[in-house]
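K.L.:
from the sequence below, what's the structure:
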Amino acid sequence: MDEQRGDTTLERLSRLEQENRRLKVGGAIALVGLAGLALMGQAQPRRRTIEAEGFFVKDPSGKTRVSLALDRNGQPAIDLLDGNGTARVTLFTRPDGSPVVSVADRDGAARGALTVEADGTPYVRLRDEQDRIRALLTMDKDGPNLTLRDKEGKERASLLARAADGRPGLTLNDKDQRVRAWLTVETDGRPILSFDDDKGRARVVLAVDPDGTPGVAFRDKDEKPRALLTVQSDGTPLLSLRDKNEKVIWRAP
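P.N.:
Residues are numbered from 1 along each chain as shown. All right, here's what the predicted structure looks like:
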């Protein structure tokens, strides 16, 4: 019987050791699982949102310097304010979705603006103290174009580069916005300066040919050359006069 009790005790001890081993392994697995969950919780923090009708950033003196809110049209707008509380930079969108960045002077008057219209055309507008657009830079299908306006809002000068062939052009207009002078460089490299009358007809044209020969042409109202002055490749000056049919009637030398 002692042997039977001893065998039974040994069996119980063996079973206890096996159970302890299982408990240790299970506990280790549980600890690893908990640690993994903790790390996952740290790697993916819970998202938080803030909802408000406006957000304002103030400086140490309590003055608002940044404002994020909806404007009177219900469109989002960001204002950057100076120390006097004047909005100097404003970013907003129009009802059609086109974005606008506006910069203002110390009185809060908009003096410059960068926009992209609904059709995708970008614009830069510069205004004077009377809120009149005096300079306009745009990029349309014809290429970049810079326009300067007088105080009446009339275009007086324009600088552009044609998209089709890349030719640059400068035009100068009179008070009635008629082109009176223009300068360009042709695709073959020839620079041309033209002076036009009030009907838009080129009356005096100055050019330099690709071979380096300079020339001045004086034209009649039908834009036919009537007097030509040039310097030939050997350095000899040449002056010729022509009739209305462009026939030479006198020349020197």
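K.L.:
quick one, helices of this protein?
P.N.:
2-43 (DSSP state H).
K.L.:
tell me where the model's unsure across it.
P.N.:
Applying pLDDT under 70 to the chain flags residues 1-46.
K.L.:
pick out the residue closest to the middle of it.
P.N.:
In the chain, the centroid-proximal residue (CA atoms, centre = their mean) is residue 122; its distance is 6.4 Å.
K.L.:
does that one touch residue 115 like I think?
P.N.:
Yes: Residue 122 lies in contact with residue 115 (CB atoms under 8 Å); the separation is 7.1 Å. C-beta here means a position set from N, CA and C on the backbone, and glycine is covered the same way.
K.L.:
contact partners for the closest residue to residue 157 other than its chain neighbours?
P.N.:
Distance criterion CB to CB, 6 or more residues apart in numbering; nearest residue to residue 157, sequence neighbours excluded, is residue 148 at 4.3 Å. Listed by CB atoms under 8 Å, 6 or more residues apart in numbering, the contact set of residue 148 reads 134, 135, 155, 156, 157, 158.
K.L.:
burial of the first one, as a residue count?
P.N.:
Residues contacting residue 134 under the criterion other CB atoms under 10 Å number 17.
K.L.:
if I read this right, it contacts residue 126, doesn't it?
P.N.:
Yes: with contact defined as CB under 8 Å, residue 134 reaches residue 126; the gap is 5.9 Å.
K.L.:
so where do the strands sit in the stretch 1-150 of the chain?
P.N.:
With DSSP state E, counting those that start in this stretch as the criterion, the stretch 1-150 of the chain has strands at 54-58, 64-70, 76-81, 87-93, 99-104, 110-116, 122-127, 133-140, 143-149.
K.L.:
what does the stretch 151-253 of the chain give?
P.N.:
Using DSSP E, counting those that start in this stretch, the strands of the stretch 151-253 of the chain run over residues 155-161, 168-173, 179-185, 191-196, 202-208, 214-219, 225-231, 237-242, 248-252.
K.L.:
what angle sits between the fifth one and strand 179-185?
P.N.:
When axes from the mean of the first three to the mean of the last three CA atoms, to 10 degrees is applied, the directions of strand 202-208 and strand 179-185 differ by 20 degrees.
K.L.:
got it, and the fourth one?
P.N.:
Here strand 191-196 points in a direction 170 degrees away from that of strand 179-185 (the same axes, to 10 degrees).
K.L.:
helices or strands up against strand 191-196?
P.N.:
Applying 3 or more CB pairs under 8 Å, 6 or more residues apart in numbering; DSSP states H and E, one finds that strand 191-196 contacts strand 179-185, strand 202-208.
K.L.:
again, but for the first one
P.N.:
Under the contact definition 3+ CB pairs under 8 Å, 6+ apart, strand 155-161 sits against strand 143-149, strand 168-173.
K.L.:
show me which residues of it are buried.
P.N.:
Buried residues in strand 155-161, counted by 16 or more other CB atoms under 10 Å: 156, 158, 160.
K.L.:
looking at those, which is nearest residue 192?
P.N.:
Closest approach to residue 192 among the buried residues of strand 155-161 (CB to CB): residue 160, at 15.1 Å.
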